[in-house]
Structure formats: structure tokens, C-alpha cells
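Chemist: have a look; sequence and predicted model below, questions after that.
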Amino acid sequence: MIDTLQLVDNLSIGTIVVNRDMEVVFWNRWMEDHSHVLREQILGKVLTEEFPALKQKGFPWKVQTVFRLGNFAFFSQKLHQYLFEFENTKYFRPYLPSMQQSVVLVPLKGSDGTVEHVCVSIFDVTDAVLYQQQLIDSKRKVEELSKTDELTQTNNRRHLITRLNEELSIHQRSGCVLSFILLDVDNFKDVNDQQGHVCGDYVLRELSGILKSGIRQYDILGRYGGEEFAIVVPGAGISEALIIAERLRSGVEKFTFECDNNKFNISISLGLASTHGDLLRTPEELFKMADKCLYRAKAAGRNCVVAPDEKDDYTSKDSIPCSGPRDVLNKISPASS
Amino acid sequence: MEVLTELREGALQEIINISFGRASASLSELLNVFVALNVPFVEEIEQSKILETLGQRIGVDKEITIVQQSFTGNFEGEVLLAIPANAAMRAIKMMGEGSGFAPNLPTTELELEVFLEIGNIVIGACMGQFAELINTSVSYEVPNILLTKSPIANLHLVEQQSGAARALALLVRTDFQLGDKELSGFLFILFGQRWFDELYLALDRFIEEMT
């Protein structure tokens, strides 16, 4: 016959047995080690009075169900984290504020089949929880990396298109308007050629900062490629998108860049597109229209914003064709007069 | 291999009916609300049809939360308790007021805990009575939330190894109401074909004792 007490004392599981009055009738060594309450101190005492926090966890109720129904009851780590608060005392164990526990309450029946005692088993699942957290963290990091443009820390092209698709499907369901801004740095080749690529990278980083601070919280900015950026502007028609685009244009124009003690200014050109009734419903269509407008802005002398005009089937009253420095406006925009 | 004869089917239905009756009495007392478990229906189905069958009962588009609990013993199986997603607040109120169940948790966690607890005690009470009636004992695994406020189509069925002996499942299904129809849901018990022999022989013993 094996020594059952020795066996239960050497299990790596907390084991407590209580009677119907919630008095402790058994307390194994694992419980002594982790709670620092000795067996002789707690035997015969009411468990919920020695550990009042158990009441907060709904422990008395679960014990009662086991006595009445003879079922098993559980405290899931996912919901409760722990039943007994045991502080982490190790220097070299990755920390969590408290030992994470999974707890099972089991009925112990007498010879007549009635439940006489309830056994509480406590499993230390801290390691599993830590691994799970590490896994979730790494997954989050990888997801973040796969969405972000490394240089500018804005959305990369792939994620920008994903978000544009999401916003377009919302647009289709709700009928809300959506605009799309495509912009690129004027004569960026000159910056690279004259000041070097390190300075070119600096310009793109600074520029993305200016753009970020010029858009609304729910607008989606991304680097489309090279020195080209795009912004998804949900809920905004052409007139609102024009205001935002013009704010970005003038913000960049006013900003003084400084690289290797060289101070200089740059400008950007912007092309707009907007979902418009049943026209322009796909990302490709929006991109094509915005690209067309961006091309016109370049042709018109750069440093300006161009929106689609009547020839582009933009006949709605809110499709104001253009804004920007007045001379440029006049040059390209017969429809605005 | 043993098969589900009419006699066994009748016996199983009767056993489950009795055990559910006893379980609902204990549950009513425990939760301080009226608990009704309706007459169960027993059928043998192909495992590939399990999801389809659940969908037919619950409604394919209905958003539900499902608590799943496995039990082990001479034979094994799993129980699913499906509760409409919109019943969460009513369930919290009922458990809190009726029974003094009051863990201190944030709302989302509390909702899940209430569902887990309702699932655990309904399943525990029903299976406990069932096991007692056929003279066996069962142990339970930790219940878990299989589906949270989603349609049944989001469930993934883990197909048991193929082969003739694993192709069938025994499905026991019923619905239940807690309180004055405040909370209703569905209860399913599934036994895999590998346990049919044990289960059917236990039913034979029950039939023998009765006659």
C-alpha cells in the first residue's frame, strides 16, 4: 500500500479539501509552500475567512453547486487569472504579477453517493500563459511589420490598398462618400542628386510626419512607392478632400528642411479622386483618376492640388475642380470660373 | 458492432428524459428560477452532417454563444450548450439576482463566465444524473467557449479519423428554458461511434433491470 499523504504532498498541484461548512479538512504541501500557511494553521478553519478574496471570485457559490449537484466546477485562467493570489518570488522566472491558475472543483462522495467534501485542485499554468502571451506579442509584431513602411513608419502600399478596399466596402454598404488623395514630391530627384540619398530618406521621413499631422484621425496615410504617398479620406467628398489636400500642400511648402546644415524647401503636387455615385468604385478606378489629376498638377507647374473636372464626369455640385496658388488655379481650371 | 435498435433508442430517450427531469429540479432549486428541459430527441447521424443538423435546430444565421464540455469515463462524449448571443445581459441578471453568483469581473469576462457557469451546471447536472442511471461515473474536462456571438457556420468540426467505424455520431438534442422563458437555448450531447458498443451495452443492462 502506498502512502497516499506522501503522494498528495508531492504532487505539483495545490490540493485542498473542504467540508459543507467550508472548513478545511486537507491542505497539501504545495499549498503550504505557495501560500505560506501551514497545514496545522488552517485545518478546521473556514477557508473563505482565511482567504476573503475568494468571495470576490464567486468561490462559495461554486462550492455550493458541487455539494448540491455533484458536478465538477472550474475557474478558467482566461477569465479569472487566478483563484489564490500567489506573488511571484523568483528572480529568474519571467514575471507576471501573480501565479496564473486553472482550478477544478471535484465532488468527493460518501458510500451512500452524497457529496461529503469538495476537493479543490489548483494548477500553476503561468508558463503556458507566458508562452501564449509571447506568441500573441510576436504575432502582433509580425502583423505590424507586414503593414508598415520601414522608412516612413506609415502604412505600406499593400496595407493601404487593403484599407482602401475595406473603406470602399463600407462606402458601398452605407452610401457614404470617400475620397482618395495621391501626392508626390516635386523634383525629388534633385534632392537625391544634390544632397544625397541619406538626405532624400530624411525628407521622406519628415514629409510623412507633416502629412500625418495634417490629416484627420481616421484618414489613412500610406507610402505608395518611391516619393509617392496616398491618403484614403473616408466620409469626405471632393470639397472636404480639397481642404485637407490644400492644408497638406501649404504645410509642406512652409516647412524648412535641414540636412547637413543645408536649409531648403520642397513642394508637393496632389491629385484627388472621389467615389461618385456609381462611378469610381474600385481602388484601381480611384487610383487612375487621382493619378490623372496628379499628372495635371505636375503639368500645371507643380505645388498645387487638382481635382477631377466636368470632363471627368464629375458633374456634382460638390466637385470643385481645383485649389492652390491662384496663378496655377487659373491656368488649369477653366471649369472653376 | 452494436446498433441503435428501437428498444435502445427508446431506453436512451427515457434515461435522458428522467435525468433531465431530475437535473432541472436541482437546477431550479440552485438558481431559484424555473428550469425546463424539454423531451430529448435521439438520432444517429453521419459525422459530416453534425454542423448541418445543429444549424437546422438553432437557425443558420442566429448569433449564438456555445459552451462545450467533454466528459470521460466508460464512454466519452461532449456536450454543447447553445445560448442566443442577446441573452447575455438577462443571464447575468438572472444568475446575480436568483442565486447570488457574483464574481467580480469586467462585463465581457462576466458574460463569458456566466455562460460557462450555466453551461457547466446544466451539463454537469444532466450528465451526472445520466451516468448515475446507467450505473457508471463520468469525469468532466474544463468547459470552454466554443463560439462567441457568432453564427454556427463559424464552428469548425474536427472530423474523426475516417473509416466505417468512426463515421457515425449519436446526437441527443433538446431545448431548455430558464426562468419565465427569460433564457432559452439548446443542449446537444454527442457520442462518437467508437463508444457505441459501451453505451448500447449499458442501455441493455438498464432495459434488463427495468423488465
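Modeler: Ah, there it is. Bear in mind that the values here come from a model prediction, so they are computed numbers and not experimental data. Numbers count the residues shown, from 1 in each chain, chains lettered A, B, ... in the order given.
Chemist: the stretch 51-200 of chain A: helices as residue ranges?
Modeler: Listed in chain order, the helices of the stretch 51-200 of chain A (DSSP state H, counting those that start in this stretch) span A:53-56, A:59-69, A:77-80, A:126-147, A:157-174, A:188-195, A:197-214.
Chemist: any chance of these in TSV, with mean neighbour count and mean pLDDT too?
Modeler: Just so you know, the C-beta spots here come from the backbone N, C-alpha and C atoms, and that holds for glycine as well. Below are these laid out as TSV (neighbours: other C-beta atoms under 10 Å in any protein chain shown; pLDDT from 0 to 100):
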stretch	mean neighbour count	mean pLDDT
helix A:53-56	15	90
helix A:59-69	21	89
helix A:77-80	20	85
helix A:126-147	12	91
helix A:157-174	16	87
helix A:188-195	15	88
helix A:197-214	17	93
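Chemist: now these in JSON lines, with distance to chain B?
Modeler: Formatted as JSON lines, the helices of the stretch 51-200 of chain A follow (distance: least, C-beta to the nearest C-beta, whole Å):
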{"stretch": "helix A:53-56", "distance to chain B": "4"}
{"stretch": "helix A:59-69", "distance to chain B": "5"}
{"stretch": "helix A:77-80", "distance to chain B": "5"}
{"stretch": "helix A:126-147", "distance to chain B": "13"}
{"stretch": "helix A:157-174", "distance to chain B": "17"}
{"stretch": "helix A:188-195", "distance to chain B": "48"}
{"stretch": "helix A:197-214", "distance to chain B": "32"}
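Chemist: columns distance to B:L4 on top of the ones you listed, output as a markdown table?
Modeler: A markdown table is the format used below for the helices of the stretch 51-200 of chain A (distance: least, C-beta to C-beta, whole Å):
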| stretch | distance to B:L4 |
| --- | --- |
| helix A:53-56 | 46 |
| helix A:59-69 | 29 |
| helix A:77-80 | 38 |
| helix A:126-147 | 40 |
| helix A:157-174 | 48 |
| helix A:188-195 | 76 |
| helix A:197-214 | 67 |
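Chemist: specify the stretch among those helices that is closest to B:G77.
Modeler: Smallest distance to B:G77 across these (C-beta to C-beta): 18.7 Å, for helix A:59-69.
Chemist: helices or strands up against the closest one?
Modeler: strand A:73-75, strand A:101-109, strand A:115-124, helix B:6-31, helix B:107-133 (3 or more C-beta pairs under 8 Å, 6 or more residues apart in numbering or on different chains; DSSP states H and E).
Chemist: low-confidence regions, the chain specifically.
Modeler: Reading this off chain A. Where chain A drops to pLDDT under 70, the residues are A:93-95, A:276-280, A:310-337.
Chemist: that's the other chain; I wanted chain B
Modeler: If you take pLDDT under 70 as the line, chain B has these spans: B:98, B:160-166, B:181.
Chemist: what parts of chain B come near chain A?
Modeler: Proximity of chain B to chain A (C-beta under 8 Å from any C-beta of the partner chain) is limited to residues B:23, B:26-27, B:29-30, B:99-105, B:109, B:112-113, B:116-117, B:120-121, B:123-125, B:128, B:132, B:139-140, B:142-144.
Chemist: buried subset of the residues you listed?
Modeler: Applying 16 or more other C-beta atoms under 10 Å in any protein chain shown to the residues of chain B next to chain A, the neighbour count classes B:23, B:26-27, B:30, B:99, B:101, B:103, B:105, B:109, B:112-113, B:116-117, B:120-121, B:123-125, B:128, B:132, B:140, B:142-144 as buried.
Chemist: and residue 120, what does it touch?
Modeler: Let's take chain A. Going by C-beta atoms under 8 Å, 6 or more residues apart in numbering or on different chains, A:V120 touches A:G14, A:T15, A:I16, A:V17, A:V18, A:L83, A:V103, A:V104, A:L105.
Chemist: wait, I meant chain B there
Modeler: A:N71, A:F72, A:A73, A:F74, B:V67, B:Q69, B:Y140, B:P143.
Chemist: out of those residues, which one sits closest to B:P40?
Modeler: For the contacts of B:N120, the nearest to B:P40 is B:Q69 (17.0 Å; C-beta to C-beta).
Chemist: mind checking how far that closest one is from A:K147?
Modeler: 38 Å (C-beta to C-beta, to the nearest Å).
Chemist: do the same with B:T107
Modeler: Going from B:T107 to A:K147 by C-beta to C-beta gives 30 Å.
Chemist: measure B:F191 to chain A for me?
Modeler: According to C-beta to the nearest C-beta, to the nearest Å, B:F191 stands 19 Å off from chain A.
Chemist: how about the nearest residue to A:V232, chain neighbours excluded?
Modeler: A:I220 (4.1 Å; C-beta to C-beta, 6 or more residues apart in numbering or on different chains).
Chemist: so that neighbour sits against A:T162, correct?
Modeler: No: A:I220 is beyond contact range of A:T162, at 9.9 Å (criterion: C-beta atoms under 8 Å).
Chemist: go back to the contacts of A:V120 and keep what's next to chain B.
Modeler: A:V104.
Chemist: so which residues on chain A come close to chain B?
Modeler: Residues of chain A lying near chain B (C-beta under 8 Å from any C-beta): A:56-58, A:61-62, A:64-65, A:68-74, A:76, A:79-80, A:102, A:104, A:113.
Chemist: show me what contacts A:V8?
Modeler: A:T15, A:F26, A:N28.
Chemist: then A:A290?
Modeler: A:F180, A:I181, A:L182, A:A230, A:G271, A:L272, A:A273.
Chemist: show me which residues of whichever helix or strand it is part of are buried.
Modeler: Using DSSP states H and E, A:A290 sits within helix A:283-299. For helix A:283-299, the neighbour count (16+ other C-beta under 10 Å) marks A:P283, A:L286, A:F287, A:M289, A:A290, A:D291, A:K292, A:C293, A:L294, A:R296, A:A297, A:K298 as buried.
Chemist: quick one, that helix and helix A:157-174 angle?
Modeler: Orientation check (axes from the mean of the first three to the mean of the last three C-alpha atoms, to 10 degrees): helix A:283-299 against helix A:157-174 gives 110 degrees.
Chemist: what's the following helix or strand past helix A:283-299 packed up against?
Modeler: Elements were assigned by DSSP H and E; along the chain past helix A:283-299, the next helix or strand is strand A:305-306. The contact analysis (3+ C-beta pairs under 8 Å, 6+ apart) places strand A:305-306 against helix A:238-254, strand A:268-274, helix A:283-299, strand A:322-323.
Chemist: run the chain-centre distance for stretch B:170-188.
Modeler: Distance of stretch B:170-188 from the chain centroid (C-alpha atoms, centre = their mean, to the nearest Å) equals 9 Å.
Chemist: quick one: B:S139 is in a strand?
Modeler: Yes: remark: B:S139 belongs to a strand, assigned using DSSP: H, G, I helix; E, B strand; the rest coil.
Chemist: what residues does the residue of chain A found nearest chain B make contact with?
Modeler: In chain A, the residue that lies nearest chain B is A:N71 (2.5 Å; C-beta to the nearest C-beta). A:N71 is in contact with A:T65, A:P107, B:N120, B:I121, B:I123, B:G124, B:A125, B:G128, B:Y140, counting by C-beta under 8 Å, 6+ apart.
Chemist: go again with 7 Å.
Modeler: Applying C-beta atoms under 7 Å, 6 or more residues apart in numbering or on different chains to A:N71 gives the contacts A:T65, B:N120, B:I121, B:G124, B:A125, B:G128.
Chemist: what separation is there between the third one and A:Q77?
Modeler: To tie it back to what came earlier, the one meant is B:I121. 20 Å.
Chemist: swap in the first one?
Modeler: In this structure, A:T65 and A:Q77 are 20 Å apart, going by C-beta to C-beta.
Chemist: do the same with the second one
Modeler: Distance of B:N120 to A:Q77, given as C-beta to C-beta: 15 Å.
Chemist: OK, now which residue of chain B is nearest to chain A?
Modeler: Per C-beta to the nearest C-beta, the residue of chain B with the smallest distance to chain A is B:G124, at 2.5 Å.
Chemist: is it true that B:E113 touches B:P103?
Modeler: Yes: assessed by C-beta atoms under 7 Å, B:E113 is found in contact with B:P103 at 5.9 Å.
Chemist: wait, a helix at B:G96?
Modeler: Yes: assessed with three-state DSSP, B:G96 lies in a helix.
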